[in-house]
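*Asks:* Show me the folded form of this:
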Amino acid sequence: MIKLYSRSLMLLAVISFFGLTTSAVAYDLPSVNLGFTSFLDGGPPAGPGCYLTQYIQYYSADQLNNRYGNDMKVPGTDVDAWVSLTQFIHQSDTEILGGKWGLDVIVPYVSVNSSYKTGVPGPAANSSGLGDILVGPYLQWGPTMGENGPVFMQRVELQMIFPTGKYDKNKEMNPGSNFFSFNPYWAGTLFVNPRLTVSTRLHYLWNGKNDEPNRQLVGASDSQAGQAIHANFASAYEVIPRMLRVGLNGYYLKQLSDTKVDGKSMSDRKEKVLGIGPGLIFSFSQDSHLFFNAYLENNAHNRPEGMRSVLRCVHHF
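*Replies:* The predicted structure is shown next:
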């Protein structure tokens, strides 16, 4: 959709549980929007009204990277996740501060599975369940018009992620995070010309305390994931007028501050990853759109490194 936020794969704490290496691995950050939104992200496709969006994401990784970005080479690693996100958006026609207010609500359902070579211990998955619900009030500006159509559109959203998801401190992979996060962003789309667009979405992530930290943090009373920035970026070219756009899309995540355990900073747990791949938008009409995006990850630190694909259906009522 052109205004969509979503939440990505919840691989919350896949840490060095294997006893095969002394290199610490973190996986402290909650799941965030890595690649769910892409082309034409700066504004809604059909103006004011209500939007329903359904996302389906598949993520697969056979590599767990340590703090140096190196494969831990855990035999037989196979981590797979399916994420379903149902998003409700109301875009008003009422102006505030030069923009128009709106409300974004996302309900995720997550299924995570993992397997390893026989005899090799690995992180336990908490099966399937409801993820953490997101609520975000926002202001939408634009589009700024030029001689040949729209030139620029942008939006600011104050996203909040509530700890409603399924969580078990004795499992390493959970649908929910068990802590509150504040994840505001700015998104914009520039029309280089009527057929070529460039879009980006820039997020800041702040995380609250988890009062039931994962069992890997033995004896800890609480933990707090570090602050981070993450961004989606995309460029699309209109191949068939008003019907098909194709292009490249990507995402980047970098943790800025240390994770804290019982108030003390833990070094060498910062996460980072970059994903790049192709994508397209097929428009059935101004009110109905289908997005497909694929990403190949690289340069992952303290995270899995794999591939993800996202199918997204958007309808304006």
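*Asks:* What count of nearby residues applies to Asp41?
*Replies:* By the criterion of other C-beta atoms under 10 Å, Asp41 has 26 neighbours. Where C-beta positions appear, they are placed from N, C-alpha and C, glycine not excepted.
*Asks:* Ala81 now?
*Replies:* Counted with other C-beta under 10 Å, Ala81 comes out at 25.
*Asks:* I'd say it and Ser114 touch.
*Replies:* No - the pair Ala81 / Ser114 is not scored as a contact, 9.1 Å apart, by C-beta atoms under 8 Å.
*Asks:* Check the residue nearest the centre of the chain and give its pLDDT.
*Replies:* With distances taken as C-alpha atoms, centre = their mean, the residue of the chain nearest its centroid is Asn33 (1.7 Å). pLDDT for Asn33: 95.
*Asks:* so how far is Asp41 from it?
*Replies:* 10 Å (C-beta to C-beta, to the nearest Å).
*Asks:* quick one: common contacting residues for those two?
*Replies:* Here Asn33 and Asp41 have Arg201, Asn232 as joint contacts, going by C-beta atoms under 8 Å, 6 or more residues apart in numbering.
*Asks:* give me the low-pLDDT residue ranges for the stretch 101-250 of the chain?
*Replies:* Applying pLDDT under 70 to the stretch 101-250 of the chain flags residues 116-124.
*Asks:* 90 - rerun?
*Replies:* 112-128, 142, 148, 168-175, 213-219 (pLDDT under 90).
*Asks:* Tell me which stretches of it form helices.
*Replies:* In the stretch 101-250 of the chain, no segments count as helices under DSSP state H, counting those that start in this stretch.
*Asks:* The host helix or strand of Leu274 pairs with which strands?
*Replies:* Assigned by DSSP states H and E, Leu274 falls within strand 272-283. Here strand 272-283 is paired, per DSSP bridges, with strand 244-255 (antiparallel), strand 288-301 (antiparallel).
*Asks:* Can you classify the residue nearest to the centre of the chain as helix, strand or coil?
*Replies:* coil (DSSP: H, G, I helix; E, B strand; the rest coil).
*Asks:* C-terminal to the helix or strand hosting Gln63, what's the next element?
*Replies:* Using DSSP H and E, Gln63 sits in strand 49-64. Once the chain leaves strand 49-64, the next helix or strand it forms, by DSSP H and E, is strand 78-96.
*Asks:* And that following strand, what does it pack against?
*Replies:* Here strand 78-96 touches strand 49-64, strand 99-115, going by 3 or more C-beta pairs under 8 Å, 6 or more residues apart in numbering; DSSP states H and E.
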